[in-house]
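return a 3D structure for these sequence lines:
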Amino acid sequence: MIDLSALKTEIENDPLGLGYAELLSLPGELLSALNMPRDSIHMPKLVNVLDIQDLLLRTGEMIKIMSSSHPVTKAAMILLSDSRRLTVDVNLPTIQVDMAAMVAAGDLDQSTLDAINALASRPGSRAEQLGMGVVVADNLIGLGVLR
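Numbers count the residues shown, from 1 in each chain. Have a look, this model is predicted:
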């Protein structure tokens, strides 16, 4: 359920300068402005384990990780080798700490960590960023924007 009060505040204040005021008479355009994915808004997403494996193979770091004696790196290798695991949420704080430890141990290059983190993000809409999911016409009717 969308918090109509938060939606109203967003439309009235327009903190990102998306031009809501000019769109009040164009409800379809207003909905598009709220729901359109934007490259400037990053939303987390699960990463396919095969994509991480492919990246590590292409950078040559898979061999380094497989031969590491560092406990965190060994645990990461077990995670990546589990055929039952299809995705991993690299946005989890514990995973981020573990990947930073792998960089500190010299088992993972910072540029590879950055590439893995890039895989874990997708363009998102302003509505998603605010936790609203998708704003629909009924939500605008609830605000009195549409009649």
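
can you tell me, leaving aside adjacent residues, what's nearest to Thr59?
Thr112 (5.2 Å; C-beta to C-beta, 6 or more residues apart in numbering). Placement of C-beta: from N, CA and C, glycine included.

list the contacts of the one you found.
For Thr112, the contacting residues are 55-56, 59, 61, by C-beta atoms under 8 Å, 6 or more residues apart in numbering.

now the lengthiest strand in the chain: average pLDDT?
Longest strand of the chain, by residue count under DSSP state E: strand 38-44. Throughout strand 38-44, pLDDT has a mean value of 95.

list the buried ones in that strand?
The neighbour-count check on strand 38-44 (16 or more other C-beta atoms under 10 Å) flags Ile41 as buried.

partners of the helix or strand following that strand, with directions?
Proceeding N to C from strand 38-44, the next assigned helix or strand is strand 47-48, under DSSP states H and E. Strand pairing for strand 47-48, determined by DSSP bridges: strand 87-88 (antiparallel).

domain boundaries for this protein, per the record?
4-40+124-143, 46-119 (automatic domain parsing).

quick check: the gap between the most centrally placed residue in the chain and Ile63.
What sits nearest the mean C-alpha location of the chain, by C-alpha atoms, centre = their mean, is Pro44, with 1.6 Å. Computed as C-beta to C-beta, to the nearest Å, the Pro44 to Ile63 distance reads 29 Å.

not counting the least confident helix or strand in the chain by mean pLDDT itself, show me its contacts.
Lowest on mean pLDDT, DSSP states H and E among the helices and strands of the chain sits helix 137-143, with a mean of 88. Contacts to helix 137-143, defined as C-beta under 8 Å, 6+ apart, come from residues 2, 4, 7-8, 11, 27, 30-31, 146-147.

max pairwise distance over those residues: which two?
Farthest apart among the contacts of helix 137-143 by C-beta to C-beta are Ile2 and Arg147. That separation is 18.4 Å.

ok, back up a step: for the contacts of Thr112, which one is nearest Ala75?
The nearest one, if we look at these relative to Ala75 and count by C-beta to C-beta, is Leu56, at 15.0 Å.
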